[in-house]
Structure formats: C-alpha cells, structure tokens
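this is a predicted model, with the sequence first.
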Amino acid sequence: MTEADVRKGMPSVKLSREEFERRYKRQFIDPAFAPLQRELDAVVGAGFSDPDYDIAVDWLDARAKILAAQRRHDDAQETPRILVINGSARSEHTCPGEMSKTWRLVELAEPVFVEMGFAVDILDLSRLASEFGKTIHPCKSCVSTAMPLCHWPCSCYPNYSLGQTGDWMNEIYPMWVAAHGILIVTPVNWYHVPSGLKAMMDRMVCADGGNPDPTSTQGKKADAAKAMELNAARALGNAVRLARSGCLQEPGTGLQDPNPK
C-alpha cells in the first residue's frame, strides 16, 4: 500500500527571539501595563541567554512570585511589611505537645508592629516538624564549585528522580523579598540555631548575588559555570593590568561582558 505523501516545504514562520519579543510586547504598549514590566519580561524570556533551554516550571513559578514580591516592595503606595520568623521547631501539634516560648514571643511582637502601621507576615518554621509536606531541602553549596552555578532563585529543586519535591523555599523567597524588615525570633539549641532555621539560612545564599539565568550554565553544568567564572576573572585581571599601566581611562575600557545577553 502506498504511504500517504504529506507535502511540506513552505517558508518557516519561526521568529527570531528579538522579533518575538517585539511583537509580543507591542500588545502591552499602554502605560497602564508599565507596573507589570518585570512580569512581561519573564513571559518573553528576557534575561535568559538561551531561551530554548527548558527551565523547570517550579523555578519559573518561584521567579514570577519573587518578581511580584519585588514590585510590592518597591511600590511606595504599599504598606511597609515586616517578616517575623519563628525559628523554633517545638510545636503543640507534635512532640513535645506544647507551644514554644519562641512562638509566644512572636505573638507578642506582631501586634506591636501592626500598631506601628506595618503589615506583618509570619513565617513559622515549626511547621517543618509538624505539618505534612513542609520541607526545606538542604543546600548543596553549588557556589563552592562556581558562583554562576548558584541560581536565584535556587534551581537545585525539584529533583523528581530523587523524590526531592515540594520545596518550601519557593514560598519563602517571596516573603523575604517583599519585606522591608526581618525579625528572627529563635532559641539556641545545643549551642546553635535550630536545624530548620539553619536550613533556611543556607538556602538564602542564592539571594546574595545568585545567577538569575539558569540557561547560562545549561542548568547545573559545572564546566559551563567554571568557564563563566574564569572569563570574569580574566576580564577583572585585564582591568587591573590596564589600570596599573595607566591605559584605563574610562570605566569599562578594555572589558568585555563574559556573558553577553
């Protein structure tokens, strides 16, 4: 039996990244969309060196929430926010069967901030030990391999092959970003902070200079991240040599972006 002949050969309708971005954004030219610029950039993939790289949906969702939180933080019309964190793992809902003194201090602090005119968000880390599905996975110290490998927000999770899903940090990051002030209330357990609080602190490292573009390292490819870091170090070395020789007349002279967008 003769196979059906599906005839193809028409010109491609694939757009360049730049043309797609231009066409998409012209739908939102009205100034009313100006406050949503970060969200629009996220949709079109602005800031990603490889728009064709498949980024985890969880990461994109966390990034969108962080951008929205940043917009609220920067909006002068919004009420300033204080994030109060309960660092104790003790809870009445599991052992030891009694609320912690730390939680009682959190309850005392909240109305004080409200009376001062602040909006208050409470992050109760005791839920890590008392609520099903609340997990903060451990930091893998990707930055120790190369700084570009540490993404903002963290892209180490989810890892479905290892069952490492439901990472609470994707909800915690926006709370930190939206806050104008942070109050951490914590006991000292065995000469150290409680393990849940330490886990959160470790996972916040990506907020301080983390790479916002996971496509630049093709996810977690160590060789790509090391190459980026090496190129940056060479550029810095060139700048130092130019400055010492008196040839660096203007800021940036002789430098090239090791990761051009």
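In hand now; what should we look at?

now residue 167: how far from residue 178?
19 Å (C-beta to C-beta, to the nearest Å). Yep, even glycine has a C-beta here, placed from its N, CA and C like the rest.

just residue 68 next, same as before
Taking C-beta to C-beta, one finds residue 68 at 9 Å from residue 178.

for the stretch 1-150 of the chain, give me the ranges with low pLDDT.
1-8, 10, 13, 17, 38-47, 49, 51 (pLDDT under 70).

and the helices in it?
Secondary structure of the stretch 1-150 of the chain (DSSP state H, counting those that start in this stretch): helices at 17-25, 37-44, 57-74, 101-115, 127-130.

any chance of those in TSV, with mean neighbour count and distance to residue 191 too?
Shown next, in TSV, are the helices of the stretch 1-150 of the chain (neighbours: other C-beta atoms under 10 Å; distance: least, C-beta to C-beta, whole Å):
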stretch	mean neighbour count	distance to residue 191
helix 17-25	13	53
helix 37-44	16	42
helix 57-74	17	33
helix 101-115	15	17
helix 127-130	17	20
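
so for residue 9, which of those helices sits nearest?
helix 17-25 (22.4 Å; C-beta to C-beta).

how far off centre is the closest one?
Averaged C-alpha coordinates place helix 17-25 at 25 Å from its chain's average position (C-alpha atoms, centre = their mean, to the nearest Å).

show me what it is packed against.
Applying 3 or more C-beta pairs under 8 Å, 6 or more residues apart in numbering; DSSP states H and E, we find helix 17-25 packed against helix 37-44.

sec struct for residue 184, please.
strand (DSSP: H, G, I helix; E, B strand; the rest coil).

what's the neighbour count on residue 240?
Look at residue 240: counted by other C-beta atoms under 10 Å, it has 11 neighbours.

was I right to think residue 140 contacts residue 156?
Yes. Using C-beta atoms under 8 Å, residue 140 is in contact with residue 156, at 5.4 Å.
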